[in-house]
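**Q** Here is the input, now give the coordinates:
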Amino acid sequence: MFVDTHAHITMKQFGADREAVVRRAHDAGVRAILDVGLDIATNRRAVEYARTQPGVFPIIGFHPHEASEFDADAFQKQINEYGAEAVALGEFGLDHFKEYSPKLVQKRVLEQVLGMSMAAGKPVIIHCREAERAILPILKAAADPLPGVMHCFAGDVNFLKQVLDLGMHISVGGPATYPRADRLESVLKAVPLDRLLLETDCPYLAPQQFRGKRNEPSYIPLIAERIARIRGVSAHDIGRATTHNAISLFNLPRGAFHPELQ
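**A** Next up, the predicted model:
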C-alpha cells in the first residue's frame, strides 16, 4: 500500500474525471491522497472535496507563486475553520526559479505562515526551488526541530543532511524515474528510509513512462519501484516504510491500512 503525500486533484486538469482518478489510485494500492491547496480558493476546494471522498485528506497553504496576494487574516481564518480537518499546512516556501512573486515578498510571507503553522501545531509542507541557501535560515528560525516535509526534493546530499538535521522528511516523485537523475539518485541512496515519503505533485511531473502527460496518484507504484531499484530493496519495502512514515507524520487514520501498519 502507498500514500500520495502531495497531489493537486482539485485542480481543473481533473475536472472531467476526478472520481475515476481516485478510483484508479485505490485500485493501484494508493490508500490515501493528500490534496494540497495553493491559496484561499484552492484550500476551500481541497477541504470540501475531502469531505466527500474517503481516503482523500486536505492540506491548506499558500504557494510562493501567490505570495504577492497573501492575506494573513483570510488565511488565519482558514486555519481556524479547517485546522481540525487539514493534516498539514502548506505548501509554503521560496521559488527563485520562476519568481512569480518578488523574493523579498516570498521571504516575508514564508516567515509569517511558518509562525502561524507552529502556533497551529501542524506539520508543514515546504516548496523550495533553486532557493536552498535562502530557505534554511528561515526554517531554522521557525522551529528546530521542524516537523514537516521538503516536497519534491531537488537538492543535493549536503542539503539533504541539513534538512534531516532539522527533523524534516523529504518526498520524492516522478523525477526519480527520469534519465540522468544522478543527483536525486545519490539523495535516494543517502536518505534514511524512515524519513522518506512518496508524492506525485499531480497533475505535474509524471513518471518517465507518462512524461509530458497528466500525472495522477495511481502512478505512485512506478515511483516506488524506481526507488526500490536505486536502493536495492523491494517495492514492497518502499511502500511499507513510506506509508508508515506518512501515517505517523500526518496522523492519518490507521483503519484504512493493512494491520501490519497499524
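
**Q** quick one: which helix or strand includes the nearest residue to Ile238 once chain neighbours are set aside?
**A** Residue nearest to Ile238 in three dimensions, not counting chain neighbours: Ala224, with 4.4 Å by Cβ to Cβ, 6 or more residues apart in numbering. For glycine as for every other residue, the C-beta is placed from the backbone atoms N, C-alpha and C. According to DSSP states H and E, Ala224 maps onto helix 220-231.

**Q** before we move on, what about Ala46?
**A** Assigning secondary structure by DSSP H and E places Ala46 in helix 40-50.

**Q** tell me which residues of that helix are tucked away?
**A** Of the residues in helix 40-50, those scored as buried under the neighbour-count criterion (16 or more other Cβ atoms under 10 Å) are Ile40, Thr42, Asn43, Arg44, Arg45, Ala46, Val47, Tyr49, Ala50.

**Q** The second one reaches Asp35, doesn't it?
**A** In this case it means Thr42. No. Using Cβ atoms under 8 Å as the test, Thr42 is too far from Asp35 to be in contact (9.1 Å).

**Q** Now do the shared contacts for these two.
**A** Common neighbours of Thr42 and Asp35, using Cβ atoms under 8 Å, 6 or more residues apart in numbering, are His8, Thr10.

**Q** Contact partners for the residue nearest to Ile238?
**A** Listed by Cβ under 8 Å, 6+ apart, the contact set of Ala224 reads Phe2, Leu198, Ala235, Ile238, Gly239, Thr242.

**Q** Could you check the pLDDT of the third one?
**A** Here the pLDDT value assigned to Ala235 is 97.

**Q** what about it, how many neighbours?
**A** Ala235 has 18 neighbouring residues, counting by other Cβ atoms under 10 Å.

**Q** My guess is it contacts Glu225. True?
**A** Yes. In this structure, Ala235 sits in contact with Glu225. The criterion is Cβ under 8 Å, and the distance is 4.7 Å.

**Q** quick one: the helices in this structure?
**A** Under the criterion DSSP state H, the chain contains helices at 18-27, 40-50, 72-82, 103-120, 132-142, 157-165, 182-190, 220-231, 235-250.

**Q** Kindly reformat the ones you listed as a markdown table containing distance to Ile126.
**A** Output for these, formatted as a markdown table (distance: least, Cβ to Cβ, whole Å):
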| stretch | distance to Ile126 |
| --- | --- |
| helix 18-27 | 24 |
| helix 40-50 | 17 |
| helix 72-82 | 16 |
| helix 103-120 | 9 |
| helix 132-142 | 7 |
| helix 157-165 | 9 |
| helix 182-190 | 16 |
| helix 220-231 | 19 |
| helix 235-250 | 13 |
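
**Q** which ones are touching Asp4?
**A** Residues in contact with Asp4, defined by Cβ under 8 Å, 6+ apart, are Ala25, Val30, Ala32, Ile33, Leu34, Leu198, Glu199, Thr200, Cys202, Pro217, Ile220.

**Q** for the fifth one, what are its contacts?
**A** Leu34 sits next to Val3, Asp4, Thr5, His6, Ala7, Phe57, Pro58, Ile59, Val87, Ala88, Ala246, Phe250 when contact means Cβ under 8 Å, 6+ apart.

**Q** Model confidence for the first one, exactly?
**A** Pointing back at Val3 there. So, for Val3, pLDDT stands at 98.

**Q** from what I can see it touches Ala246, true?
**A** Yes. If you go by Cβ under 8 Å, Val3 and Ala246 touch, sitting 4.0 Å apart.
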